[in-house]
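S.K.: Sequence first, predicted model second:
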Amino acid sequence: MGASTVGTDRSSQFFTSSPTSSGWFKRFLSACHKRMGDVWIPDRALTLDEMKAALEIPEEEYVKLSPGRRRLEVVLTGAMLVAGCTAGLRGEEILHIDLGMM
């Protein structure tokens with residue numbers, strides 16, 4: 001395998017023979033992340049179908065658990081999802097919701 005050019009920023013480039021710096025490997029890694037669902041699109045709102053699917057998980061957990069602290073955590077998780085979606089919050093903004101009075 002020949003040397004590849006790697007640009008760390010616009011002002012510098014260097015040659016390397018590392019296989020992980022090749023164009024093929026970068027495309028392979030990108031495809032792996034897409035395959036695992038690790039694609040980050042920060043400004044895209046959730047659709048209603050995605051929200052329903054996200055709420056199925058806490059709902060299933062709630063039914064399985066007996067009343068107690070763990071069940072309360074599941075309810076608060078669902079409440080955060082609904083509040084974040086209806087308020088139009090994005091990503092880490094949802095974690096700033098204060099549910100202390102619930």
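M.R.: Perfect, thanks for sending it. Remember, predicted model here, so these are calculated numbers, not experimental data.

S.K.: Can you pull out the low-pLDDT segments for the protein?
M.R.: Within the chain, the ranges that satisfy pLDDT under 70 run 1-14, 39-43, 90-92, 99-102.

S.K.: And the helices in it?
M.R.: Under the criterion DSSP state H, helices of the chain are mapped to 23-35, 48-64, 69-86.

S.K.: Most tightly packed of those?
M.R.: Mean neighbours per residue, mean count of other Cβ atoms under 10 Å, is largest over those for helix 69-86, with a mean of 15. To be clear about C-beta, it is placed using only N, CA and C from the backbone, and glycine gets the same treatment.

S.K.: could I get that one in PDB with only the CA atoms?
M.R.: Output of helix 69-86 as PDB, limited to C-alpha atoms (Å, rounded to 0.1, in the frame of the first residue of the first chain):
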ATOM      1  CA  ARG A  69     -38.300   3.900  42.300                       C
ATOM      2  CA  ARG A  70     -37.300   2.200  39.100                       C
ATOM      3  CA  ARG A  71     -40.800   2.600  37.700                       C
ATOM      4  CA  LEU A  72     -40.700   6.300  38.500                       C
ATOM      5  CA  GLU A  73     -37.400   6.600  36.500                       C
ATOM      6  CA  VAL A  74     -39.100   5.000  33.500                       C
ATOM      7  CA  VAL A  75     -42.100   7.400  33.800                       C
ATOM      8  CA  LEU A  76     -39.700  10.400  34.000                       C
ATOM      9  CA  THR A  77     -37.800   9.200  31.000                       C
ATOM     10  CA  GLY A  78     -41.000   9.100  29.000                       C
ATOM     11  CA  ALA A  79     -42.000  12.500  30.300                       C
ATOM     12  CA  MET A  80     -38.700  14.000  29.200                       C
ATOM     13  CA  LEU A  81     -39.100  12.600  25.700                       C
ATOM     14  CA  VAL A  82     -42.600  14.000  25.400                       C
ATOM     15  CA  ALA A  83     -41.700  17.400  26.900                       C
ATOM     16  CA  GLY A  84     -38.600  17.600  24.700                       C
ATOM     17  CA  CYS A  85     -40.600  16.800  21.500                       C
ATOM     18  CA  THR A  86     -43.500  19.100  22.200                       C
END
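
S.K.: Fine, thanks again, bye for now.
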